[in-house]
Structure formats: structure tokens, C-alpha cells
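J.: One predicted model, sequence on top.
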Amino acid sequence: MEVVISYGYVILFSAAFPLVPLIAFICNSLELRIDAWKLCNLTRRPNPDVAGSIGMWGGIMRFICYAGAITNTAIIVFTAGIFDMIEDTTTKWLIFLLIEHILLLIKIVISYIIADVPKSVRLGL
């Protein structure tokens, strides 16, 4: 859950503060090493449990991706200085909708092209 929250912050607000991905990478790397040390040295070995997928987290991650595309586009169009020469609010909204729809279309096309289960895994099952 901690990794998904960190991923959400990176995806949703990286346009506002571009150093967020670097900071999140460093924090997650440290957390991974600390958790690995705790698992190896402080606890008993966990019992393995079979799971068919990541469950509801897949849907949450997809939602964060879509929300991030919309949020970052809004941050860039409405608060960054890139579109300051456009004073008409309607034009800014149209630019926002155009960029946002292009990003979401690219996301959908990439999701369609790349299979959820690799061919080698599917053949092995």
C-alpha cells in the first residue's frame, strides 16, 4: 500500500514538482532495503500463499494512471506559464481537453498493444 501511495504522488504531481520521481525513487529504495533487512533478520520466514493476480490493486493503479494524465495536463495548461499568452478561458479548456484526450488515447493504445501476460508465461501455463 505504501508503494501505491508513493506511486500516486509521483503520477499526480510530478508536473508541479519535477523532483518528486527522484525523491520517491530514493525513498522507495531505502524502504526496500530496510524491509528486506527486517524480513531477513527480525522475523520468521513467511508462509507462501498462492495468488492469481494482484487483485484490486491493478484497478487502483489504472485509475491513478488516468487521473495522473488528467491532473498533470491541468497543471501544465492552467498554472504553468506555457499558455499565458492565451487569455480566453474557453480556448484553454479546449487545449486541455485536446491534450488530455491525446494522452488517454496513447495510454489505451499502449495498454492494448502490450499484453497483460507475456507470451512465454502464457505458453508455460
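T.: Ah, there it is.
J.: C-alpha from now on. contacts and neighbour counts both.
T.: OK.
J.: quick one: pLDDT of I113?
T.: In this model, I113 is scored at 91, pLDDT.
J.: Lowest-scoring secondary structure element of this protein by mean pLDDT?
T.: In the chain, no helix or strand scores lower on mean pLDDT, DSSP states H and E than helix 119-124, which sits at a mean of 80.
J.: what comes into contact with the helix with the most length in the chain?
T.: Determined from DSSP state H, the single longest helix within the chain is helix 89-113. With C-alpha atoms under 8 Å, 6 or more residues apart in numbering as the test, helix 89-113 has contacts from Y66, A69, I70, T73, A74, V77, F78, F83, I86.
J.: give me that answer again for 10 Å
T.: 62, 65-67, 69-78, 83-84, 86 (C-alpha atoms under 10 Å, 6 or more residues apart in numbering).
J.: Now do stretch 11-20: everything it contacts.
T.: Here stretch 11-20 has contacts from 5-6, 8-10, 21, 26, 64-76, 79-80, using C-alpha under 10 Å, 6+ apart.
J.: Buried only: go through those for me.
T.: Those of the contacts of stretch 11-20 that meet the buried threshold are 6, 8-10, 21, 64-75, by 16 or more other C-alpha atoms under 10 Å.
J.: in the protein, which ranges drop under the pLDDT threshold?
T.: For the chain, applying pLDDT under 70 flags the ranges 125.
J.: Kindly recompute the last result at 80.
T.: 1, 46, 51-53, 116, 122, 124-125 (pLDDT under 80).
J.: which residue ranges form the helices in it?
T.: Going by DSSP H, the chain shows helices at 2-13, 20-41, 57-74, 89-113, 119-124.
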